[in-house]
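Engineer: What would the 3D arrangement of this be:
(2 chains)
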Amino acid sequence: MEFALSEEQRLLQDSVRRFLEQNAPLDKVRLAAGNTHTVQRSLWAGASELGIPGMLIPEDFGGMGLGLLDAAIVYEMIGRHVAPLPFLGTTVMAPLALMLAGSEAQQEKWLPKIAAGEIVAGVAITEKIGIREDAGVKALNGTLTGKSLFVIDWAEADFYIVADSEHGLHLVLPDAKGLSRRALNTIDKTRSVGELVFDRVAAEPLPRSSADAVARMIDAGRVMLAADTLGAGQMMLEKAVAYAGERKQFGRVIGSFQAVKHLCAEMAAALEPSRSLVWYAAHALDEVPRDARLMACHAKSHLSEVGRFVARTATEVHGGMGFTDLLGLHYWFKRIGLDRQLLGGPELVRLEAARLQGWAA
Amino acid sequence: MNIDFTPEDEAFRDEVRGFIAANLPPECADSPTLGVMTDKSVVKHWHKTLYEKGWAAPAWPEEYGGTGWNATQRFIFNEEIARANAPRLMPFGLTMVGPVIYTFGNAEQKSRHLQGILSGDVWWCQGYSEPGAGSDLASLKTTAVRDGDHYVVNGQKIWTSYAHEADWIFCLVRTEQSVKRQEGISFLLIDMRTPGIEVRPIISIAGLHHLNEVFFTDVKVPVQNLIGEENKGWTYAKYLLVHERTSIGGVPESRKKAAHIKAMARAERNADGGALMDDPAFQRKLAEIEVKLTSLEYMNLRILADAAAGKAVGAQSSLLKIVGSEVQQALGELAVEAVGYYIEPFGQGALPGGVNARDIGPAHTRNVWADYGYGRAASIYGGSNEIQHDVIAKAILNL
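Structural biologist: Next comes the predicted model:
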């Protein structure tokens, strides 16, 4: 038994951290946020050189063939830098759909392109978790009709993976006849979310679709969002500590006041155990199937709460500055806010966890 | 990352489980009758059993009687001990003064004291806190003045757990007044039978007697009982504070408590007659605590992995302490909530595991209140949670 990252994983995380430190500074995030629905192609191309887009894709298709724990520690770094990258849909959920449910032809056609960082893949799956505003997509005779909200990596997607109201998964091209696309402006300007409306849109089914494949996509997505919150929260803590060490009142740095110190220590005490939880949840997706779903729920709901606590507390430590656009702390605050709601908020996810444990009907 | 146990690990687990099943007295495994406080004779018996097997001090170096197990084996052992509800061995000798003696003591001290600690025949208590020196321990005032081949000790210690049952006490005493506070403290071993020592009980919020005040009036302590060098006691005390604190989160104990709460909640009824366990509001509270406990458990495993790789544990133990005590107290509160008005009948006799003169609630309700009351100490002892926050701010965040 060894509860630790491997040497390779530490190196991977370090290289992603260095890449983002150099290539995704705050002014670049700000630039991207000014135009949410433009994918940061140059940044994504740089990430491709590290192999990030295809990290989960088998080597036969040009990827790195890594696991979801590797993906989680990478997304943690992306969250840390609030980097505007289409990771959740393009790197994790869409390849997972193709690998679990796609035909060989579909895999051969799309996976190498994703791995090369050439394309973006959106994922429309929100309605498998909860249906709002009469949304939901029905499949009939090879066409899709209905609406899907909060489509992940919506902007500039070269194809979408769409879940229907049964357990079917479909591949839809963005220029398909009868498909209309609407951008959704969300609190988080660093990632693109939109909606898709289908009117008898021709769709290519993934032939091995199943309830299990859909659930595994959601499980993986939830753990990734937890990892994103972990990284963003850790950065907020570090920023709060740095600010407390500079800002002076009453002739001394505010970090010398116990009230401020303890706010920071409380954040550390909330984040440290969360890191282990995220690691284990991601590891379980790869290696411990019996724990995977429950742990994904646990990681998602717990990090949602920890994230909110850290986001609020770090903002408090920054005083009035944390409230300003100028400082940019709000990008982290809002990123954590969107992580909380995507793929199920903590209340809903906890209910799922209760059902999985046989506590609730 | 590898959380699997090897076939050798599983075989080891079977061996430990088999040994416990064959040797743990049945009354120890029955938690409602066990009480919050375990009887000294029960602990001694169990300690002796483990000692005879060679398992009393798994963490000690082999040359002093340790088992030579690796971190995984120690983890498995602790899990099995908790699973079987075996009594916890007293930590004052095995995990506190023992390691100080084998690390800083001289040959004579090792041969004199380690054996009794290992066998459980000699019981120790810890003389650190004083009325004016709690969180600010370095301000302690109990003095030891050298007089020929003796020190003469005067002063008072407080919150001394099990002093009334201990044979020896290890004390921090002031041996030098004119230097920086931390540099005038020494580490002394004192026989509790020495004339001039008086122990007075402190009764706790839970109605229990485990705490004491210990008064020293012209107590003569041979200089051979000084650990290491005079005025270096603070160094040894700090070593003790970071040594073997990886279990401070109390994960196995909290796991047991959570299981107990679930069993109670299946038996207890809601206002509408349904099982409490089916109440979504109750489920939510339990789930939130369990998730926190799970994350604590994995952090603990991660720290153990770091320790096994040779990284110092240090201030990480402060994180374990805070989160562990929060989980423990939250579970205590939830248990109180679960048993509802059965919390009201309360007989002192139930505390050490006896039975109320007339049982009103079901057996599973018996120790809930005492446990809840006792649990208030978790955020205070071993360095209050407020002090732990200071430690984290300083040692981890550099504030």
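
Engineer: which residues touch residue 128?
Structural biologist: If you meant another chain, say so; for now it's chain A. A:163, A:214, A:218 (C-beta atoms under 8 Å, 6 or more residues apart in numbering or on different chains). Any C-beta I mention is one placed from the backbone N, CA and C, and that applies to glycine too.

Engineer: I was thinking of chain B, sorry if that wasn't clear
Structural biologist: B:137, B:140, B:157, B:171, B:172, B:237.

Engineer: show me the residues around the second one that make contact.
Structural biologist: Translated: residue B:140. Contact partners of residue B:140, counting by C-beta under 8 Å, 6+ apart, are B:128, B:130, B:132, B:133, B:172, B:173, B:174, B:185.

Engineer: Would you map the helices across the chain?
Structural biologist: Answering for chain A, as no chain was given. Remark: helices assigned in chain A by DSSP state H are A:7-23, A:26-33, A:41-49, A:68-80, A:87, A:94-101, A:104-115, A:211-244, A:258-287, A:289-317, A:319-322, A:329-341, A:346-356.

Engineer: Please refer instead to chain B.
Structural biologist: Using DSSP H, helices in chain B cover B:7-23, B:26-29, B:31-34, B:40-53, B:71-83, B:91, B:98-104, B:107-119, B:233-242, B:251-267, B:280-308, B:316-339, B:368-375, B:385-391.

Engineer: rewinding a little: list just the one of the helices of chain A that sits closest to residue B:383.
Structural biologist: helix A:258-287 (13.0 Å; C-beta to C-beta).

Engineer: Work out the gap between the closest one and the centre of the chain.
Structural biologist: How far helix A:258-287 lies from its chain's middle: 18 Å, per C-alpha atoms, centre = their mean, to the nearest Å.

Engineer: Also stretch B:50-60?
Structural biologist: Taking C-alpha atoms, centre = their mean, one finds the center of stretch B:50-60 at 17 Å from the center of the full chain.

Engineer: measure residue A:101 to residue A:145 for me?
Structural biologist: Plainly put, residue A:101 is 21 Å away from residue A:145 if you go by C-beta to C-beta, to the nearest Å.

Engineer: more neighbours, those two?
Structural biologist: Taking neighbours as other C-beta atoms under 10 Å in any protein chain shown, residue A:101 and residue A:145 compare with residue A:101 leading, 25 against 16.

Engineer: For chain B, name the helix or strand with the lowest mean pLDDT.
Structural biologist: Across the helices and strands of chain B, mean pLDDT, DSSP states H and E gives its lowest value to helix B:31-34, namely a mean of 52.

Engineer: rewinding a little: what two of the contacts of residue B:128 are the furthest from one another?
Structural biologist: So, the contacts of residue B:128 by C-beta to C-beta: farthest apart are B:157 and B:237, at 13.5 Å.

Engineer: tell me the contacts of the closest residue to chain B within the stretch 1-150 of chain A?
Structural biologist: The nearest approach of the stretch 1-150 of chain A to chain B comes at residue A:3, 3.7 Å away (C-beta to the nearest C-beta). Under the criterion of C-beta under 8 Å, 6+ apart, the contact list for residue A:3 reads A:276, A:279, A:280, B:1, B:3, B:298, B:301, B:302, B:304, B:305.

Engineer: Which one of these is nearest to residue B:216?
Structural biologist: Closest to residue B:216 out of the contacts of residue A:3 is residue B:304 (38.9 Å), distances taken as C-beta to C-beta.

Engineer: That closest one - how many residues pack around it?
Structural biologist: Counted with other C-beta under 10 Å, residue B:304 comes out at 21.

Engineer: Low-confidence ranges, the chain, go.
Structural biologist: In the absence of a named chain, chain A is used. A:361 (pLDDT under 70).

Engineer: wait, chain B
Structural biologist: Across chain B (using pLDDT under 70), the flagged ranges come out as B:29-38, B:242-244, B:344-360.

Engineer: Taking the centroid of it, which residue is nearest it?
Structural biologist: What sits nearest the mean C-alpha location of chain B, by C-alpha atoms, centre = their mean, is residue B:91, with 5.6 Å.

Engineer: hang on, isn't residue B:387 packed against residue B:135?
Structural biologist: Yes - between residue B:387 and residue B:135 there is a contact under C-beta atoms under 8 Å: 4.9 Å.

Engineer: With neighbour numbers in mind, choose between these two.
Structural biologist: residue B:387 (17 against 12).

Engineer: check contacts around the residue lying closest to residue B:397 once chain neighbours are set aside.
Structural biologist: Using C-beta to C-beta, 6 or more residues apart in numbering or on different chains and skipping residues adjacent in sequence, the residue nearest residue B:397 is residue A:241, 4.9 Å away. Neighbouring residues of residue A:241 by C-beta under 8 Å, 6+ apart: A:255, A:264, B:397, B:398, B:399.

Engineer: quick one: furthest residue from the center of the chain?
Structural biologist: Because you didn't say which chain, this covers chain A. residue A:251 (42.5 Å).

Engineer: other chain: chain B
Structural biologist: Most peripheral residue of chain B (C-alpha atoms, centre = their mean): residue B:272, 40.9 Å.

Engineer: rewinding a little: who's more crowded, residue B:157 and residue B:237?
Structural biologist: Between residue B:157 and residue B:237, counted using other C-beta under 10 Å, residue B:157 has the larger neighbour count: 27 against 21.

Engineer: who touches the more buried one in this structure?
Structural biologist: B:127, B:128, B:129, B:130, B:142, B:163, B:169, B:171, B:213, B:214, B:216.

Engineer: hang on, the earlier thing: what's the closest of the helices of chain B to residue A:300?
Structural biologist: helix B:280-308 (10.2 Å).

Engineer: Now do the buried residues in the closest one.
Structural biologist: By neighbour count on 16 or more other C-beta atoms under 10 Å in any protein chain shown, the buried set for helix B:280-308 is B:282-306, B:308.

Engineer: give me the subset of those touching chain A.
Structural biologist: When contact is defined as C-beta under 8 Å from any C-beta of the partner chain, those meet chain A at B:283-284, B:287-288, B:291-292, B:294-299, B:301-302, B:304-306, B:308.

Engineer: What separation do you get for the residue nearest to residue B:130 when sequence neighbours are not counted and residue B:221?
Structural biologist: Excluding the flanking residues, the one nearest residue B:130 by C-beta to C-beta, 6+ apart is residue B:140, at 5.1 Å. According to C-beta to C-beta, residue B:140 stands 16 Å off from residue B:221.

Engineer: Ok, residue B:233 next?
Structural biologist: On the measure of C-beta to C-beta, residue B:233 and residue B:221 end up 13 Å apart.

Engineer: Show me which of these two is the more surrounded one.
Structural biologist: Using other C-beta under 10 Å, the more surrounded residue of residue B:233 and residue B:221 is residue B:233, with 29 against 21.
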